[in-house]
Structures are given as C-alpha cells and as structure tokens.
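Peer 1: Sequence plus the predicted model coming up.
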Amino acid sequence: MDGNGRWAEQQGLPRAVGHEKGAEVVRAVTRAAKARSIKHLTLFAFSSLNWGRPTQEVNALMDLLCHFLESQEQSMIEEGICLRGIGERSFLPQRVKSLLERVEENTNQNNELFLNLAISYDGRRDLVKATQQLVALACQGLLLPADVQEELIMQKLATGNTPDVDLLIRTSGEQRLSGFLPIEACYAELVFIDKLWPDFTSQDLDRALDEFESRQRRFGLTGHQLELSMSPA
Ligand code: IPE
Ligand code: MG
C-alpha cells in the first residue's frame, strides 16, 4: 500500500493525513475483497525499514494503527473477518501490541476473510526467525535434516497456513517487492499500479483481478500441457 506520503505532499498536507486517507482505503478494499469472495488478504502496513522514518511520522502511524484496530474491531467481528498481525511484534509499542492481541483473539473464530496485517514486517527477517525455530527444535533432537521440507518451512513463517500468494498488487508506480512475502509470493502474479494508495478504489481492484484472470499461470509447464490438462478427458 504505497504512496500515502506522496499523496499528502502533492496537496501540501502533512504526511500523516495521507496515512489517514490510506487507512480509509484499507477499510474499503477489505470490504471489496470480501464481497469478491477473496479468502486471504495480506496488507503491508508498516515495514521493518519504516522504523527509520522520523519519530513524528512513526508515532503518527502507531496512533493510526491503534485507532484503526479500535474502530474496526466490532465491524470485523460482525463481518466475519479474522485478523492476524504478522511481523516483529516485540518492536511494537505496548498499546499497539495489546490491541492487536485483543482484536486477534476476538476475531479468531471468524472465517469469511483472513486478513493479515503486516506490521514491522520484513520477509527476510521472518525467514531468519523461522530458521531459528527449526534450529531450536533440531538442538532438542526433535528435528532431523530430512524433516526440513517446504511445508514445514512455510508453516514456520509468520503467514503460517495462509496459502501461497496468487496476486500481489503494489501501488504508487514502484516496481519492487521491498521485502514483502518473498517466499510466499514466489509464484505470485505481480501487478503494479501507478495510482497512489489513497486513490486506489474497488474498480482498481477489479482491474487487477481482470489482469490476473487474463494471465496464463504455467507453473513451469508448457502452454500445450496446460491446455491438455484442462480439456475434458
Ligand atoms: C505507504 O505510504 C504507507 C507506509 C509505508 C506506512 P508511504 O508513506 O510509503 O508513502 P510514500 O511512498 O512516501 O509516498
Ligand atoms: Mg513508500
């Protein structure tokens, strides 16, 4: 969800206003995703690298996160949204941590839409954490080299049992992943949109979904093989 700051700056507004507008778009896009029967949505809200921003902006983002969690808790419960935070939780201010835990607990029975909020997240750091967990098990004699399979590694990532990413959208014209779900999105279709995140609408989501539908996902096979596998026996 990139471009909040530039959106505000273009209008001579403080960057925090862009983040506020961005949060409104999060609500709208989450609803739009659910209405389109999307089951899993992961939003990159705050990268581990974003801790390096000016304190004032980081504080504004943390306040906004609290406001978002508090104001959305009830509607998430009612709309069947299961929220989970992914990222380095220990770095978060206590008030954000407590709220996140509360909303996670109060929505954990929901199964209409699984919403992962990546906060203080970086995919490479997540992989390091997963590896540490596996090594700890190995040190206790609970894990052998042959036990370390793809499935186990995927389970140990913060995304846990979330399926692989099918479609990854980045706004604001930047064409890079910036540490977002590097393992989970290794076969994802990438869609880059020039619009800044605060201007992103459900029509843009639809356009990205249409683009996704138009692509042939071959997973290493030939187009001919795919056609054969799809034709009736
Ligand atoms: C995305 O908008 C939100 C966060 C990273 C928190 P940015 O704040 O990165 O906006 P730009 O890239 O500076 O425009
Ligand atoms: Mg940015």
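Peer 2: Structure's in. What do you need? Numbering: from 1, shown residues only. Ligands and ions are numbered 1, 2, ... in the order given.
Peer 1: all contacts plus neighbour counts: C-alpha atoms, from now on.
Peer 2: OK.
Peer 1: is ligand 1 contacted by stretch 180-198?
Peer 2: No: contact of stretch 180-198 with ligand 1 is not found when judged by Cα under 6 Å from any ligand atom; the minimum separation is 7.2 Å.
Peer 1: Next up, the contacts around the residue positioned nearest the centre of the chain.
Peer 2: Taking Cα atoms, centre = their mean as the criterion, Thr42 is the residue nearest the geometric centre of the chain, at 2.5 Å. For Thr42, the contacting residues are Leu115, Asn116, Leu117, Ala118, taking Cα atoms under 8 Å, 6 or more residues apart in numbering as the criterion.
Peer 1: Tell me where the chain is predicted with low confidence.
Peer 2: Along the chain, segments meeting pLDDT under 70 span 233.
Peer 1: Mind naming the longest helix for it?
Peer 2: Looking across the chain with DSSP state H, the single longest helix is helix 55-78.
Peer 1: thinking again about what came up before, how close does the residue nearest to the centre of the chain sit to Gly85?
Peer 2: As defined by Cα to Cα, to the nearest Å, Thr42 lies at a distance of 9 Å from Gly85.
Peer 1: what about stretch 105-117, near ligand 1?
Peer 2: No: for a cut-off given as Cα under 6 Å from any ligand atom, stretch 105-117 has no contacts with ligand 1; the smallest distance is 11.9 Å.
Peer 1: Return that stretch as PDB; C-alpha atoms alone will do.
Peer 2: This file holds the C-alpha atoms of stretch 105-117, laid out as PDB (Å, rounded to 0.1, in the frame of the first residue of the first chain):
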ATOM      1  CA  GLU A 105      -8.500 -13.000  20.000                       C
ATOM      2  CA  ASN A 106     -11.900 -11.600  19.400                       C
ATOM      3  CA  THR A 107     -11.900 -12.400  15.700                       C
ATOM      4  CA  ASN A 108     -10.100 -15.800  15.700                       C
ATOM      5  CA  GLN A 109     -13.300 -17.800  15.200                       C
ATOM      6  CA  ASN A 110     -14.100 -15.900  12.000                       C
ATOM      7  CA  ASN A 111     -13.600 -17.400   8.600                       C
ATOM      8  CA  GLU A 112     -15.200 -15.200   6.000                       C
ATOM      9  CA  LEU A 113     -11.900 -13.400   5.200                       C
ATOM     10  CA  PHE A 114      -8.500 -13.900   6.700                       C
ATOM     11  CA  LEU A 115      -6.800 -10.600   6.900                       C
ATOM     12  CA  ASN A 116      -3.100 -10.500   7.700                       C
ATOM     13  CA  LEU A 117      -1.800  -7.100   8.600                       C
END
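Peer 1: and that stretch, which residues are buried?
Peer 2: By neighbour count with 16 or more other Cα atoms under 10 Å, stretch 105-117 contains the buried residues Asn106, Thr107, Asn108, Asn110, Glu112, Leu113, Phe114, Leu115, Asn116, Leu117.
Peer 1: Identify, from those residues, the entry nearest to ligand 1.
Peer 2: In terms of Cα to the nearest ligand atom, no member of the buried residues of stretch 105-117 lies closer to ligand 1 than Leu117, at 11.9 Å.
Peer 1: Dihedrals phi and psi, that closest one?
Peer 2: Listed backbone geometry of Leu117 is phi -110, psi 110, with angles given as degrees, to the nearest 10.
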